[in-house]
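Visitor: Give the three-dimensional model of this entry:
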Amino acid sequence: MTFIEAHCEDCRRFIKDEMVGVHRFLDQYAKMFPVMHFYDYHRTFLHNSYGLSLVKAMYGNEGENAFIVHIMRDYESGPIDHYTFEQIIKDFPRRLMWFNTMSNDYSPAPYVLRGWGGKSLITLATK
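Guide: Numbering: from 1, shown residues only. Next up, the predicted model:
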């Protein structure tokens, strides 16, 4: 997982504003589902089209750009300095499609579900 500082640095480079609120919002479930135990599970909640719509509603167009940069770094699992912002924008739809698919098809490991009696957190929240 990329730390928020790296996401902020990317945004300073590409959109001239670190947009820390966007990154904290997107990665808020990483505290509940630590990456060292749950891998990418925290990304199934907001790293998708739903998260994009929320970020855009809360932070406007600049927030949308921060979301795009955030997703690109997470998809690449590392630095994105070799990209231009135009390349990031061009490649973003394919990256988002991957995160959308992960969010729709994610099947957490059994140890993730045991803590909730065999149900995912989303199932409990929508019950």
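Visitor: from here on, contacts and neighbour counts on C-alpha atoms
Guide: Noted.
Visitor: The residue lying closest to His70 once chain neighbours are set aside: neighbouring residues, count only.
Guide: Leaving aside its chain neighbours, His70 sits nearest to His7 (5.9 Å; criterion: CA to CA, 6 or more residues apart in numbering). Neighbourhood size, His7 [other CA atoms under 10 Å]: 26.
Visitor: Wait, His7 touches Val22, no?
Guide: No: His7 lies out of contact with Val22 (CA atoms under 8 Å); the separation is 9.5 Å.
Visitor: The residue nearest to His70: what's it in contact with?
Guide: His7 is in contact with 18, 23, 69-70, 73, counting by CA atoms under 8 Å, 6 or more residues apart in numbering.
Visitor: Now, those residues that are in helices?
Guide: Among the contacts of His7, DSSP state H puts 23, 69-70, 73 in helices.
Visitor: From these, pick the one nearest Asn100.
Guide: Nearest to Asn100 out of the ones in helices among the contacts of His7 is His70 (CA to CA; 14.6 Å).
Visitor: count of residues packed around that closest one?
Guide: Count around His70 with other CA under 10 Å applied: 24.
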